[in-house]
Structure formats: C-alpha cells, structure tokens
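[1] Below are the sequence and a predicted model; questions follow.
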Amino acid sequence: MQLEDYIEMINYLLKNKNKCHQEDMRQDLLMFLCEIFKKLENKTVEPKNLRNYIYICLKNESIRLNKVYTERRALSLNMKINEETEILDLIIEKDTRSYSIEFYKVIKVAKSILTSKEYEAVYMYFILGKTQTYISKTLNISLQCLNNRIKQAIKKIKINFEC
C-alpha cells in the first residue's frame with residue numbers, strides 16, 4: 001500500500017467527526033501512523049494483515065482522540081464561564097465597600113431580570129452544581145446553546161449590579 005492509501009483511510013475515519021477537530025486529529029493520526037510503521041519496521045507481515053492491523057489501530061486512535069478533543073472543548077467552555085463569574089465577583093466588591101454577597105444570592109435576586117430559560121440554566125449550573133452536559137440533556141438543548149444562555153444571563157446580572 002502507498003502512503004496515499006493510508007491518508008485516504010484516515011480521511012474516511014474522520015469524515016463523521018467534529019469539523020473543528022478534524023485537522024488536528026488528521027495530524028495526530030498521521031503521527032500515530034508513523035509510530036506504527038516504526039514499530040513494524042523489522043517485522044514481516046502479510047500485506048492484507050498489515051492493512052487490517054493499521055486500519056484497526058487508526059480507528060481506535062481516532063476514537064480516543066475524538067474523546068480527548070471533545071473533553072478539551074467542554075473544559076474550555078466551562079473555563080470561559082468561570083472567568084465570567086470571577087469578573088462578576090470583582091464587580092460586586094466595589095471600591096472600599098465590600099458587599100460580600102455570595103454568588104448564589106445574586107442569582108436568586110437576579111430571577112427578576114432573567115428570562116425563565118436563562119434563570120433555569122444558571123440555577124442548575126451555579127446553585128445545583130450540575131454539569132453542562134447534564135443540563136443540556138435535561139433542557140433538550142445543545143451545549144453551545146446552554147453556554148450562550150449562561151453567558152447572556154451573566155451579562156444581564158453584571159449590568160444590573162454595576163450601578
């Protein structure tokens with residue numbers, strides 16, 4: 001088999017994966033393919049068995065990489081929200097006066113300024129401590145939609161408490 005055949009194999013494995021991760025995964029799989037070739041350098045293997053072996057190795061590695069990249073994306077979404085809440089905490093502690101209002105109290109007060117959907121998402125995330133994955137499944141929305149709702153709610157809370 002030629003290198004082009006293995007590249008086609010990698011492209012086939014990546015066709016249903018998340019578009020934003022495809023190029024990174026393609027490069028990782030090419031490096032993984034090089035590692036396989038190094039391991040098999042001095043071994044004699046029938047071409048048919050070699051092709052099947054490499055395909056299975058690449059498939060397993062693509063599954064592992066997909067999980068890694070999906071977890072990284074979820075973590076980055078969570079980190080953005082955590083940064084927003086830290087900013088909100090700084091806004092609450094103004095100048096020399098320290099309100100020392102805990103975040104969950106702010107959210108309860110904010111019920112009047114948030115839509116019911118925003119409040120539900122913020123309440124489940126910050127008060128109940130549920131994961132974004134759990135909340136998105138419960139509310140039957142995508143993770144991105146949930147993230148946008150929480151961000152929007154935090155912006156509204158920040159605007160309300162800036163005066």
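    Structure received. Residues are numbered from 1 along each chain as shown.
[2] Confidence-wise, which helix or strand of the protein is lowest on average?
    helix 103-109 (a mean of 61; mean pLDDT, DSSP states H and E).
[3] Give me the domain ranges for this structure.
    3-71, 101-161 (automatic domain parsing).
[4] mind showing which ranges of this protein have poor pLDDT?
    1, 72-109, 161-163 (pLDDT under 70).
[5] Okay, helices next: where are they in it?
    For the chain, applying DSSP state H gives helices covering 3-14, 19-39, 47-92, 103-109, 116-122, 132-139, 143-161.
[6] With mean neighbour count as added columns, please give the ones you listed in a markdown table.
    For every residue, glycine as well, the C-beta is placed using N, CA and C. Listed next are those as a markdown table, based on neighbours: other Cβ atoms under 10 Å:
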| stretch | mean neighbour count |
| --- | --- |
| helix 3-14 | 15 |
| helix 19-39 | 14 |
| helix 47-92 | 14 |
| helix 103-109 | 15 |
| helix 116-122 | 19 |
| helix 132-139 | 15 |
| helix 143-161 | 17 |
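[7] Now the terminal residues of stretch 13-27, how far apart.
    Stretch 13-27 has an end-to-end distance of 13 Å (Cα to Cα, to the nearest Å).
[8] can you list the residues that contact that stretch?
    Under the contact criterion Cβ atoms under 8 Å, 6 or more residues apart in numbering, stretch 13-27 has outside partners 10-11, 29, 58-59, 62, 65-66, 69-70, 73.
[9] wait, which of the residues you listed is closest to residue 40?
    residue 58 (13.3 Å; Cβ to Cβ).
[10] ok, that closest one - contacts?
    Residue 58 is in contact with 6, 9-10, 13, 29, 32-33, counting by Cβ under 8 Å, 6+ apart.
[11] Adding distance to residue 124, write those out as TSV.
    Compiled in TSV, these are given as follows (distance: Cβ to Cβ, whole Å):
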residue	distance to residue 124
6	46
9	43
10	39
13	36
29	37
32	39
33	43
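[12] What's the separation between residue 69 and residue 21?
    Counting by Cβ to Cβ, to the nearest Å, the gap from residue 69 to residue 21 is 4 Å.
[13] Ramachandran angles for residue 46?
    Dihedral pair for residue 46: phi -70, psi 140, per degrees, to the nearest 10.
[14] and if you look at residue 140?
    Backbone torsions of residue 140, given as degrees, to the nearest 10, read phi 60, psi 50.
[15] Cool, thanks, talk later.
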